[in-house]
Structure formats: structure tokens, C-alpha cells
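Novice: Sequence plus the predicted model coming up.
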Amino acid sequence: MARRFVMASLMAAILTVSPWSRAITILSGPSFTPATNAPLAGLLQLTTDVDSRVSVLVSDGTDIWERDFYDYATTHSVPLLGFKPDRTNQILVTVYDEHRNAYTAPQLLTSVTAPLPTNFPSWTVLTSEPDAMEPGYTLFIIQSGPYCYIIVMDNSGEVVWYAPWTHNDSDVRQLDNGDLFIEQQNPSNKFLEINMLGDTVNTWDAPAGYPVNPHEGLVTEHGTIMYLSDASQSVSNFPSNDTDSNAPLKTVNIDDNPVVEISFTNSALLHTWSPLNLLDPTRVTYLTYEYPSAYGVDNEHANAILEDTNDNSIIVSLRDQNAVFKFSRSTGQLKWILGPPANWGTNWQPYLFTPVGTPFDWNYGQHAPELTP
């Protein structure tokens with residue numbers, strides 16, 4: 001009964017916008033081609049006799065959803081997103097000219113989405129309150145055993161987009177143009193931009209000597225890419241133990257995590273800023289010797305970059321220093337350090353914050369700081 005009602009609704013929509021109004025017409029298409037690399041997306045193509053925009057109504061037998069596109073042209077190649085797995089989708093296409101004259105394609109398009117792969121990670125929706133959520137979708141990348149997927153879920157916890165992906169990648173974010181930005185650590189050492197059809201549209205290689213650390217990579221408002229890297233640096237008079245203050249000092253290699261900036265246009269190296277040059281190089285915490293690194297003692301473990309455009313500054317989170325620090329983008333001058341004050345040398349005392357109010361808890365092992373309004 002529900003399916004007959006859906007079909008009746010679609011046919012009513014066809015009759016409401018009569019194809020016999022010839023102020024605008026479809027010359028070729030519409031056709032729909034499922035995406036090879038993103039199985040729940042596809043490309044809608046058609047041409048019209050005059051400049052037009054496209055509106056799409058989709059029924060999958062359970063849900064009906066609509067997409068409106070507002071770019072006027074005679075040739076249309078429109079990515080369609082939001083299909084769900086294991087559904088038979090019927091697609092109704094209507095075009096409008098600039099005077100709001102409409103023409104609806106007389107035939108429905110049909111596209112069948114396959115079930116999710118057998119190795120796709122399983123999930124359980126415990127609570128879903130869409131009215132209490134921000135509008136939109138949730139984008140993330142997940143590794144399930146040897147398999148990796150980039151996934152988009154709607155606010156009811158259903159998968160509406162996915163792409164099988166490389167197991168070694170750990171972060172993805174959406175760019176302003178709607179494409180996805182992914183940093184790839186060793187051995188690839190590059191950044192990718194893929195569209196929502198799963199196709200690679202841009203690639204940036206990391207400069208020699210500045211490999212991609214998977215914790216952070218972002219496109220800035222300056223038309224650049226900023227990311228964290230790894231560099232082995234020798235430090236003398238370094239404590240050989242992070243709990244015994246009387247332990248002997250030694251010379252060690254430290255895994256420094258410089259902030260690296262490259263050109264969005266041609267990947268050229270523009271700037272580097274080293275935490276080891278800005279902060280106390282011999283300060284240790286209870287996290288210093290927790291995880292060994294191929295580059296040396298993991299005494300920084302940088303995991304986030306923020307740009308503060310209010311004063312042209314950069315903020316970096318160092319997990320193993322229990323510290324978030326800020327420095328000038330233009331001069332490289334340290335501005336402040338947010339974190340527990342223990343073990344900082346004399347030169348860094350002026351940059352430490354003073355607690356206000358009691359009780360007070362410092363940040364330890366922090367991740368993903370964000371600027372509030």
C-alpha cells in the first residue's frame with residue numbers, strides 16, 4: 001500500500017507540471033549513471049533547449065526526497081547524493097527556465113543501489129532525536145579490521161554515502177566547494193581532494209623532508225595547506241626518565257612536529273614553525289616516554305592546528321606536553337601557553353596562564369581544541 005501511494009504521488013507530480021507546456025523542453029536525457037567509487041551517488045545528465053535549472057524528486061519505496069539545483073545552463077551534469085543502500089529508486093526530473101516555465105520528463109528513471117558490502121562496519125543506533133540536532137550530515141572515516149571506509153550518515157543514523165578507502169588514512173573533512181580533503185601519511189605523503197562521486201580531482205605532494213603526520217591537515221583562508229609533520233631533532237641535557245627528577249641527563253633524538261604550510265596552487269613549501277624552537281626543549285611530562293616514535297622520543301605528539309584570524313596567529317595542541325600554545329603567523333613569536341605550569345624553564349614563565357577561580361583543573365592529554373565565538 002505504501003509503495004502504491006509513493007508511485008501515485010510521483011505520477012501526480014508529473015501531471016501537475018504538464019509536459020505539454022513547450023516553453024522549455026528536454027532535448028537529451030535525462031540519464032542517471034551510478035558512481036563507481038561512491039556506490040550511493042551518481043551523475044544525472046540532460047540538455048535543454050534554453051537555460052534551465054533542475055529539480056529532482058526521488059522515491060525509494062520508503063522515503064521521498066527532493067533536491068533543487070539553481071545553476072542555469074542548457075547542459076547539466078548533476079551529482080545526486082543521498083541514496084540509501086539496497087533500495088530501488090525512482091527519479092523524477094523537472095526543469096525550469098528563468099521565467100519559471102516547467103517541463104517534467106515523461107519517464108521515471110530507475111536506479112537500484114546494492115546492499116552495503118559484507119565487510120562494512122556494523123552499527124547500532126541507540127538514540128536519534130533529529131529535532132535536537134544541528135541540520136546536516138555526519139562525515140567520518142573508519143577502519144574496521146583491514147578495511148577502511150569514508151562514510152556519511154544522516155541524522156537518523158542511516159548511511160547515505162560511502163566510499164571504500166585506503167586503510168592507512170585517518171582523517172577527512174569537507175571543503176567549501178563540497179569536495180572532500182584527505183591527508184595521506186607515509187608512504188604516500190600527499191593530500192587528496194575527491195569529489196562526491198569518489199573521483200580524485202586534486203593531489204598535493206608533501207615537500208621532501210616534511211612527511212605528513214596524520215593528526216592534522218587543513219586548507220586555510222590564505223589559499224594554503226597547513227599540516228603537522230615529523231622531524232628528528234637532537235636535544236642535549238634531556239632527562240632520561242620522566243618520573244625521576246634525579247635521573248641522568250643525556251642527548252636524545254626528539255620527534256619534533258613542525259607546522260608546515262604549502263601552496264594550494266603548486267605544493268611549494270612556504271613556511272615551517274617548530275615547537276622545539278618555540279617551547280622548552282627539555283621539559284618532560286608523564287607522557288614523554290609513553291609511545292616510542294621512529295623519529296625519536298615522542299615528547300610533543302602534536303594533534304591539532306587552529307588558525308586565529310582575529311590576530312593572525314596559529315594555535316597548536318601538544319598532547320604529550322599537556323599544552324596548547326599560540327604564536328604569531330607573521331613573526332613566529334610565541335604568545336601564550338595554556339597548560340599546567342610544572343617544569344617550564346625560566347624563559348617560558350611569562351607566557352604561562354594563571355588560573356582564575358577555585359577549584360581549577362588544567363588540561364591534560366588534550367585533543368581537538370576549538371575556538372568559540
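Specialist: Now that the structure is in, tell me what you want to look at. Numbering: from 1, shown residues only.

Novice: Okay, the residue nearest the centre of the chain and K326: tell me how far apart.
Specialist: Taking C-alpha atoms, centre = their mean, the centroid of the chain lies closest to R173, which sits 0.8 Å from it. Relative to K326, R173 is positioned 22 Å away (C-beta to C-beta, to the nearest Å). Yep, even glycine has a C-beta here, placed from its N, CA and C like the rest.

Novice: With N237 instead?
Specialist: 27 Å.

Novice: Looking only at neighbour counts, state which of those two leads.
Specialist: K326 (19 against 10; other C-beta atoms under 10 Å).

Novice: And stretch 99-106, what's buried?
Specialist: 101-105 (16 or more other C-beta atoms under 10 Å).

Novice: And the residues you listed, which is closest to Y70?
Specialist: A102 (14.4 Å; C-beta to C-beta).

Novice: Who does the closest one form a beta bridge with?
Specialist: Y96 (DSSP bridges).

Novice: pLDDT (mean, whole number) over stretch 131-144?
Specialist: For stretch 131-144, mean pLDDT rounds to 90.

Novice: With stretch 265-282 instead?
Specialist: Rounded mean pLDDT across stretch 265-282 is 97.

Novice: got it, and stretch 165-178?
Specialist: pLDDT averaged over stretch 165-178 gives 87.

Novice: first vs last residue of it, how far apart are they?
Specialist: 18 Å (C-alpha to C-alpha, to the nearest Å).

Novice: And it, what's buried?
Specialist: By neighbour count on 16+ other C-beta under 10 Å, the buried set for stretch 165-178 is 165, 169, 171-172.

Novice: Name the surrounding residues that touch it.
Specialist: The contact list for stretch 165-178, computed with C-beta atoms under 8 Å, 6 or more residues apart in numbering, reads 139-141, 143, 146-150, 180-186, 188, 193, 195-196, 214-219.

Novice: Report the contact partners of the residue nearest to W123 when sequence neighbours are not counted.
Specialist: Using C-beta to C-beta, 6 or more residues apart in numbering and skipping the chain neighbours, the partner closest in space to W123 is G157 (7.1 Å). By C-beta under 8 Å, 6+ apart, G157 lies in contact with 123, 125, 128.

Novice: hmm, back to that, among the buried residues of stretch 165-178, which ones are in strands?
Specialist: V172 (DSSP state E).

Novice: Any chance of a markdown table for the buried residues of stretch 165-178, columns distance to V56?
Specialist: Below are those laid out as a markdown table (distance: C-beta to C-beta, whole Å):
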| residue | distance to V56 |
| --- | --- |
| W165 | 27 |
| D169 | 32 |
| D171 | 32 |
| V172 | 26 |
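
Novice: E300: which of the buried residues of stretch 165-178 is nearest?
Specialist: Looking across the buried residues of stretch 165-178 and measuring by C-beta to C-beta, the closest to E300 is D171, at 18.4 Å.

Novice: Distance of that closest one relative to A163?
Specialist: Where A163 is concerned, D171 sits at a distance of 15 Å (C-beta to C-beta).

Novice: For S111, pull up the helix or strand it's in.
Specialist: According to DSSP states H and E, S111 maps onto strand 109-112.

Novice: So, low pLDDT: which residues of the chain?
Specialist: For the chain, applying pLDDT under 70 flags the ranges 1-22.

Novice: Run a quick check on W273 versus L279, I expect a contact.
Specialist: No. Using C-beta atoms under 8 Å as the test, W273 is too far from L279 to be in contact (11.2 Å).

Novice: the more surrounded of these two?
Specialist: It is L279, of W273 and L279, that has more neighbours when counted by other C-beta under 10 Å, with 23 against 18.

Novice: OK, contacts around that one?
Specialist: 318, 321, 323, 325, 334, 337, 348.

Novice: Which of these ranks first by neighbour count?
Specialist: Tallying neighbours with other C-beta under 10 Å puts Q321 at the head of those, with 28 neighbours.

Novice: quick one, domains of the chain?
Specialist: As assigned by automatic domain parsing, the chain contains the domains 2-112, 130-351.

Novice: Of all these, which one is nearest D361?
Specialist: domain 130-351 (9.6 Å).

Novice: Now stretch 252-265 - C-alpha only, PDB.
Specialist: Extracted C-alpha coordinates of stretch 252-265, given in PDB (Å, rounded to 0.1, in the frame of the first residue of the first chain):
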ATOM      1  CA  VAL A 252      68.500  12.200  22.500                       C
ATOM      2  CA  ASN A 253      66.600  12.500  19.200                       C
ATOM      3  CA  ILE A 254      63.200  14.100  19.700                       C
ATOM      4  CA  ASP A 255      60.200  13.700  17.400                       C
ATOM      5  CA  ASP A 256      59.600  17.300  16.600                       C
ATOM      6  CA  ASN A 257      56.200  18.100  15.000                       C
ATOM      7  CA  PRO A 258      56.700  21.300  12.900                       C
ATOM      8  CA  VAL A 259      53.700  23.100  11.500                       C
ATOM      9  CA  VAL A 260      54.200  23.100   7.700                       C
ATOM     10  CA  GLU A 261      52.500  25.400   5.200                       C
ATOM     11  CA  ILE A 262      52.500  24.700   1.400                       C
ATOM     12  CA  SER A 263      50.900  26.400  -1.600                       C
ATOM     13  CA  PHE A 264      47.400  25.200  -2.500                       C
ATOM     14  CA  THR A 265      48.300  26.000  -6.100                       C
END
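
Novice: Alright, that wraps it up for me.
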